[in-house]
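Trainee: What follows is a protein structure lacking sequence information:
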């Protein structure tokens, strides 16, 4: 319900949920591999960033974006498990 027509955000949610506590920064390269988006790198990065922002807007995730050696990363500060339990059954 909280992510209607947001397939990238839904996939990112599942990926971030599977990560251990206090994960390392997640590279957009890794996210592009996991999502298998069939678009240009620039467009895939844009979709990933929008998906992460949607997860932040519903209160599931907080973090920041960073760039290192020309590659973008997302640094997860916190994931909110209460929301995870509330929306786990409504993603698909």
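Mentor: That came in fine, so what should we check first? What you see is a predicted model; the values in this text were computed from it and never measured. Numbers count the residues shown, from 1 in each chain.

Trainee: Stretch 58-70: which residues count as buried?
Mentor: Residues of stretch 58-70 classed as buried: 58, 60-61, 63 (neighbour count, 16 or more other Cβ atoms under 10 Å). Using the backbone N, CA and C atoms, a C-beta is placed for each residue, glycine as well.

Trainee: And residue 34, its phi and psi?
Mentor: Taking degrees, to the nearest 10, you get phi -70, psi -40 for the backbone angles of residue 34.

Trainee: Okay, helices next: where are they in the protein?
Mentor: Secondary structure of the chain by DSSP state H: the helices cover 7-18, 28-35, 41-57, 81-87.

Trainee: Okay, and the beta partners of residue 67?
Mentor: residue 72 (DSSP bridges).

Trainee: isn't it right up against residue 73?
Mentor: Yes: here residue 67 reaches residue 73: they are 7.2 Å apart, a contact under Cβ atoms under 8 Å.

Trainee: circling back: among the buried residues of stretch 58-70, which are in strands?
Mentor: Using DSSP state E, the subset of the buried residues of stretch 58-70 located in strands is 61, 63.

Trainee: so which of the buried residues of stretch 58-70 comes closest to residue 51?
Mentor: Sorting those by distance to residue 51 puts residue 61 at the head of the list, at 10.2 Å, by Cβ to Cβ.

Trainee: What's the per-residue pLDDT of the nearest residue to residue 13 once chain neighbours are set aside here?
Mentor: With sequence-adjacent residues excluded and distances taken as Cβ to Cβ, 6 or more residues apart in numbering, residue 13 is closest to residue 55, at 6.0 Å. You'll see residue 55 listed with a pLDDT of 92.

Trainee: Residue 5 too?
Mentor: The model's pLDDT for residue 5 equals 67.

Trainee: same question, residue 38
Mentor: 87.

Trainee: Return the backbone torsion pair for the residue lying farthest from the centre of the chain.
Mentor: Distance from the centre of the chain peaks at residue 69, with 20.8 Å (Cα atoms, centre = their mean). Main-chain torsions, residue 69, degrees, to the nearest 10: phi 50, psi 40.

Trainee: The nearest residue to residue 39 once chain neighbours are set aside: neighbouring residues, count only.
Mentor: Among residues not flanking residue 39 along the chain, residue 47 sits closest, at 7.2 Å (Cβ to Cβ, 6+ apart). Residues near residue 47, counting by other Cβ atoms under 10 Å, number 19.
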